[in-house]
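A.B. asks: Task: produce atomic coordinates for the following.
(chains A, B, C and D)
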Protein chains: 2
Amino acid sequence: MAQSALIESKDGAGHGPASLDSVLGFHIRLAHGAVYRHFTETFATLGLTQKQVSTLWLVAEMPGIAQSELGNRLRMDRATAMSIVSRMQERDYLWRERCPSDGRKQLLHLTDAGKKALEEAKACIKEHERWLKSRFTSDEVKKLVEMLARIHE
Amino acid sequence: MAQSALIESKDGAGHGPASLDSVLGFHIRLAHGAVYRHFTETFATLGLTQKQVSTLWLVAEMPGIAQSELGNRLRMDRATAMSIVSRMQERDYLWRERCPSDGRKQLLHLTDAGKKALEEAKACIKEHERWLKSRFTSDEVKKLVEMLARIHE
DNA sequence: CCTATTTGTTAGTGAAGCATACAATCGAGC
DNA sequence: GCTCGATTGTATGCTTCACTAACAAATAGG
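C.D. replies: Below you'll find the model as predicted:
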């Protein structure tokens, strides 16, 4: 892609990064954007977003997880988790169960339709991940995941 | 598509990655979210978003850049670039100049207020980057930037 | 001149994140 | 048992951003 002409920089000034290209956060943002775009393309037929797939996936891995715990793990606040869970419920992909031991909590479970959708989604994810990981060796993927985890953990 | 990395862990059946934790895109999303949140916090007083700072920064580095070129470099479509540039113009941070040699283009320039805002923003970015990079050695930062660039370039 | 492309503009849609307020529930301490 | 504070879910509204579609103006190439 374009070799930017922003290379010449006032390095001596000491007033922060010289060029936009040297800002780590900038690259994280662009990388995320590229991944997000390809994801949306891949999932156009299924009509699912990253957050929605993550939600279905996590509920499948931890059936009966509370809505609040889902939000914690996916780094969403209550309101955001609420709207995503509600949307998945409207589609009949999951259902809420009032927790018998703690009446405040809503426990989440996938419906059969949700399990089926997740299976399809996982196939798409596999393609998506292949596209993404094709840039790296397996050692690099491991290193990249480990470094990214240091950011969000 | 290089020699990669389709080492899909234990899942002989070919049904995609086994756990959400092994999905690279998932970690990119969470890392981006964490960075975005810290950025927003850091820039609360300035009232600027990542996209807005990137825009100001890029216009400062390339005065007279066309709106379309700005969009290309920051990976925004025309409509998104339009709304961000308009917002920055409303704040008197930049102004548009009709291109004399190509009447379709709008050339962008920072105002004095925009230059001042960018200087403040760069100081905040410095803090933000310090927070972000504190997790890594300088070699790791270099490697990380290089790998992320492979994704968005 | 005619046509296709590029660029900017406007309007509308939708997902997400965030803040706030409110209700229900739970737990701890009195 | 009772009150008080914290947790959890819910509802509402606001903002940013990405995308689409349509349209107008200017350009480029035949």
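A.B. asks: residues contacting residue A:91?
C.D. replies: Counting by Cβ atoms under 8 Å, 6 or more residues apart in numbering or on different chains, residue A:91 touches residue A:113. For the C-beta atoms, the positions are set from N, CA and C on the backbone; glycine is no exception.
A.B. asks: Give me the mean pLDDT for stretch A:74-94.
C.D. replies: For stretch A:74-94, the mean per-residue pLDDT is 95.
A.B. asks: That stretch vs DNA strand D: in contact?
C.D. replies: Yes. Against DNA strand D, stretch A:74-94 shows contacts by Cβ under 7 Å from any atom of the strand at A:78-79, A:81-83, A:85-86.
A.B. asks: List the buried residues for that stretch?
C.D. replies: A:74, A:76, A:81, A:84-85, A:88, A:93-94 (16 or more other Cβ atoms under 10 Å in any protein chain shown).
A.B. asks: and what of stretch A:140-153?
C.D. replies: In stretch A:140-153, counting by 16+ other Cβ under 10 Å, buried: A:140-141, A:143-145, A:147-148, A:151-152.
A.B. asks: Using CSV, please lay out the residues you listed together with secondary structure, pLDDT and distance to residue B:135.
C.D. replies: Formatted as CSV, these follow (DSSP: H, G, I helix; E, B strand; the rest coil; pLDDT from 0 to 100; distance: Cβ to Cβ, whole Å):
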residue, secondary structure, pLDDT, distance to residue B:135
A:140, helix, 97, 18
A:141, helix, 96, 18
A:143, helix, 96, 13
A:144, helix, 96, 13
A:145, helix, 96, 14
A:147, helix, 96, 8
A:148, helix, 96, 10
A:151, helix, 95, 6
A:152, helix, 93, 10
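A.B. asks: In PDB, please show the C-alpha coordinates belonging to the helix or strand harbouring residue A:121.
C.D. replies: Assigned by DSSP states H and E, residue A:121 belongs to helix A:112-133. Extracted in PDB, the C-alpha atoms of helix A:112-133 (Å, rounded to 0.1, in the frame of the first residue of the first chain):
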ATOM      1  CA  ASP A 112     -31.200 -25.200  19.000                       C
ATOM      2  CA  ALA A 113     -31.300 -22.500  16.400                       C
ATOM      3  CA  GLY A 114     -28.600 -20.700  18.200                       C
ATOM      4  CA  LYS A 115     -26.400 -23.800  18.300                       C
ATOM      5  CA  LYS A 116     -27.000 -24.300  14.600                       C
ATOM      6  CA  ALA A 117     -26.100 -20.600  13.800                       C
ATOM      7  CA  LEU A 118     -23.000 -20.900  15.900                       C
ATOM      8  CA  GLU A 119     -21.900 -24.000  13.900                       C
ATOM      9  CA  GLU A 120     -22.300 -22.100  10.700                       C
ATOM     10  CA  ALA A 121     -20.500 -19.100  12.200                       C
ATOM     11  CA  LYS A 122     -17.600 -21.200  13.300                       C
ATOM     12  CA  ALA A 123     -17.100 -22.400   9.700                       C
ATOM     13  CA  CYS A 124     -17.000 -18.700   8.600                       C
ATOM     14  CA  ILE A 125     -14.600 -17.900  11.400                       C
ATOM     15  CA  LYS A 126     -12.300 -20.600  10.200                       C
ATOM     16  CA  GLU A 127     -12.200 -19.000   6.800                       C
ATOM     17  CA  HIS A 128     -11.800 -15.600   8.300                       C
ATOM     18  CA  GLU A 129      -9.000 -16.700  10.500                       C
ATOM     19  CA  ARG A 130      -7.300 -18.400   7.600                       C
ATOM     20  CA  TRP A 131      -7.400 -15.000   5.700                       C
ATOM     21  CA  LEU A 132      -6.000 -13.200   8.800                       C
ATOM     22  CA  LYS A 133      -3.400 -15.700   9.800                       C
END
